[in-house]
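**Student:** attaching a predicted model along with its sequence, questions to come.
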Amino acid sequence: MKALLVIDMQKGNKYIFNNLYNREKMIKNISKLIDAFKENKQKVIQIKIWIKNSENSSLSKKFPEVGIAGTMDAEIMDELKNKDYDKFIEKTNYSGFWNTDLDEYLKKNNIKELYLTGIHTGCCILFTAVDAFYRGYDVYVVNDAVSSVSDKEGIKKKIKKIKELIGESISTEELIKNLK
């Protein structure tokens, strides 16, 4: 069984989302992947920053205004909010695994392969990939469905590092073809 992880695709603060590299293409690819995973009876998991108490979040120390529970900025982007998700994970730190029930859910559903999409390649994608690797999952970064405020070369370097140390890189088109 496979799972698509859609990480931090929230409205967020305007600076971050207005400055993402290749934003529209990334959102379009994530949308296509969600549909393909659902068509092929695979799991789709939405992971978002959702901070109810900033004292319990190391993320809040660096970014105090990001992901505050109940705010418009913490809501899922309009382009992806009406998609069919199997599970919602609320996180308070960079990794989707830290202090959440993600690992438990994946094990319960016999999921072995994780395909990571969303933002930020060198931060939340990276930390979630590392934690998945530590737990024995096969980790794939969907290279045209992740982004950052870095330029194209910066994102490529981060994906290359993940590929060297943790998992693999795959395109949206390749992944959809492999699902069938």
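**Tutor:** That came in fine, so what should we check first? Not measured: the values here are computed from a predicted model.

**Student:** G154 touches G122, doesn't it?
**Tutor:** Yes. Applying CB atoms under 8 Å, one finds G154 in contact with G122, separated by 7.4 Å. (Each C-beta comes from the backbone N, C-alpha and C, glycine too.)

**Student:** the two: which has the busier surroundings?
**Tutor:** Per other CB atoms under 10 Å, whichever of G154 and G122 has more neighbours is G122, with 19 against 14.

**Student:** report the contact partners of that one.
**Tutor:** S148, S150, G154, I155, K158 (CB atoms under 8 Å, 6 or more residues apart in numbering).

**Student:** got it, and D73?
**Tutor:** D73 is in contact with Q10, K11, G12, N13, E65, V66, G67, counting by CB under 8 Å, 6+ apart.

**Student:** just those: which has the poorest pLDDT?
**Tutor:** The member of those with the lowest pLDDT is N13, at 54.

**Student:** and which of the contacts of D73 is nearest to N40?
**Tutor:** Q10 (26.0 Å; CB to CB).

**Student:** give me the neighbour count for the closest one.
**Tutor:** A count of nearby residues for Q10, using other CB under 10 Å, gives 25.

**Student:** phi and psi next, for it.
**Tutor:** Main-chain dihedrals, Q10, degrees, to the nearest 10: phi -110, psi 160.

**Student:** quickly list what it is bridged to.
**Tutor:** I76 (DSSP bridges).

**Student:** out of the contacts of D73, which end up buried?
**Tutor:** Using 16 or more other CB atoms under 10 Å as the burial test, these include Q10, K11, G12, V66, G67 as buried.

**Student:** any idea how far L116 is from the first one?
**Tutor:** Shown here: Q10 relative to L116, a distance of 16 Å by CB to CB, to the nearest Å.

**Student:** and I47, which helix or strand is it part of?
**Tutor:** strand 43-49 (DSSP states H and E).
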